[in-house]
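A.B. asks: Sequence first, then the predicted structure, then my questions.
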Amino acid sequence: MNGDADTASVTTEATADAVRNGFDTFADTITINNPPSSGSYTSDSGAYEVTLSKTTSLLFAGYMLNAASINISARAVARAVSSGEACVLSLNTSNTEISVGGSGDVTFDRCQVASNSSDSDALSVSGSGSLTTDCYSVVGGVSSTDGLTTDADCSAKTGAAAIDDDPYSALATPAYSDCDESGRYTQNATDTFTFDHDHDHDDDFDTAYVICGDLWVKKGTLVLEPGLYIIEGDIKSNAQGSISGTGVTIILMDGGQVNNFNGSSTVNLSAPTGASAGDWQGIVFYQDRDDASSCTGNNCNTLNGNSSSTFEGTMYFPNQEINVNGGNSSTSTCMQIVALRVGFSGSSAMDADNSQCAAAGVDPIEIPGAVALVE
């Protein structure tokens, strides 16, 4: 059994091992359950239960038991043991999917970067770019200058098993109809404005505050109260603009993107951490997978210019690339990026010390490692 197993391959491998140890494929029975039917791993889709059954004839014991034969069975459970958690996961299976170039300076502490790309440069660190991370796991290979730094105990993996399942594929956009903002919201004044979550939206993750168009903050500060926000378009902050919010989830609909946080803008957003947020706990940005077409390159989601940002939580862009360019500076005590592709370039800087992800309610993305017997 390998770290990228399925029921068919586990059956083939387990049967072959059993035959080498005297298993008769015609007379004996092998049963594979995923997840296991009993024990401590019945809810673990990464665990496989193998049960072998064999009927054997009894000799002298048969007279004592008054039986000619007896059924003997043996059971074992195995699963891939996690080799760490990914704070950056690129979902695309080809091309360079995690790149650090120019003079980009990226640090991910207490986590790893992972790429599902099978290309020889699935992870690329070039030019004066630097990437510091606990370790990495890529399906393909790594192309790197001296800028790639890992922990001393890192067993870096190329040719690794893909993290096949989109970890947030089960999230669904909540139903909504009315607009709280009927069109594009543009803020061009130096005052502070607050979205109040009218009609009991406040701190409510069943009912969203809906902006039926782009959200663009050019000047002043826009404060988002705790809760769920749906934007039917892009979110943008530049010049002297600022966006802040604690305990918020932003859902981008109708192909909406993070369309430049640049200039001298500041964006400070943190995801909800309480159980009241339900499925949205730990999610700060969610781009609807059904509305967003595939997008790579600099016309995709972008943190740019001289903006300074703090993001706490998961940034989810399953069909599109996210780029951190120019003089952008971003810090976090918990940042998880799941995107089609992730790129850092120019003089960008990102520093994430993921020591607080459990407290932030962010679900860990486990990187499959070696397989071990657990029962």
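C.D. replies: Cool, the structure landed. All figures in this text were calculated on a predicted structure; none of them were measured in a lab. Numbering: from 1, shown residues only.
A.B. asks: What is the least confident helix or strand in the chain?
C.D. replies: helix 60-65 (a mean of 53; mean pLDDT, DSSP states H and E).
A.B. asks: Surely residue 14 is in a strand?
C.D. replies: No: if the criterion is DSSP: H, G, I helix; E, B strand; the rest coil, then residue 14 is helix and not within a strand.
A.B. asks: any idea how far residue 49 is from it?
C.D. replies: Distance, residue 14 to residue 49, by CB to CB, to the nearest Å: 10 Å. Heads up, the C-betas are built off the backbone N, CA and C, glycines and all.
A.B. asks: Overlap of the contact sets of the two?
C.D. replies: Residues touching both residue 14 and residue 49 (CB atoms under 8 Å, 6 or more residues apart in numbering) are residue 32.
A.B. asks: and whichever helix or strand comes after the least confident helix or strand of the chain, how far from the chain's centre?
C.D. replies: Counting by DSSP states H and E, the element after helix 60-65 in chain order, helix or strand, is strand 69-90. Using CA atoms, centre = their mean, to the nearest Å, the distance from the centre of strand 69-90 to the centre of the chain it belongs to is 21 Å.
A.B. asks: Give me the sheet partners of the helix or strand following strand 69-90 and which way each runs.
C.D. replies: For strand 69-90, the following helix or strand on the C-terminal side (DSSP H and E) is strand 98-100. Counting by DSSP bridges, the strands paired with strand 98-100 are strand 123-125 (parallel), strand 335-344 (parallel).
A.B. asks: of all the ones you listed, which lies closest to residue 166?
C.D. replies: Proximity to residue 166 (CB to CB) singles out strand 335-344 among the strands paired with strand 98-100, at 7.5 Å.
A.B. asks: tell me how far the closest one is from the chain's mean position?
C.D. replies: 9 Å.
A.B. asks: Excluding chain neighbours, give the residue nearest to residue 358 in space.
C.D. replies: Here the nearest residue to residue 358 in space, its sequence neighbours aside, is residue 364; by CB to CB, 6 or more residues apart in numbering that works out to 8.0 Å.
A.B. asks: Tell me, how many residues neighbour that neighbour?
C.D. replies: Other residues near residue 364 number 16, with proximity taken as other CB atoms under 10 Å.
A.B. asks: quick one, what contacts it?
C.D. replies: 85, 357, 358.
A.B. asks: and the closest residue to residue 185 other than its chain neighbours, how far is that from residue 288?
C.D. replies: Nearest residue to residue 185 in three dimensions, chain neighbours excluded: residue 215, at 5.0 Å (CB to CB, 6+ apart). Residue 215 is 15 Å from residue 288, where distance means CB to CB.
A.B. asks: Looking at those two, which one has more neighbours?
C.D. replies: Taking other CB under 10 Å, residue 215 and residue 288 do not tie; residue 215 has more neighbours (26 against 20).
A.B. asks: The more buried one reaches residue 230, doesn't it?
C.D. replies: No: between residue 215 and residue 230 there is no contact under CB atoms under 8 Å: 10.5 Å.
A.B. asks: Could you give the number of residues near residue 329?
C.D. replies: 19.
A.B. asks: Isn't it up against residue 349?
C.D. replies: Yes: under the criterion of CB under 8 Å, residue 329 makes contact with residue 349 at 4.8 Å.
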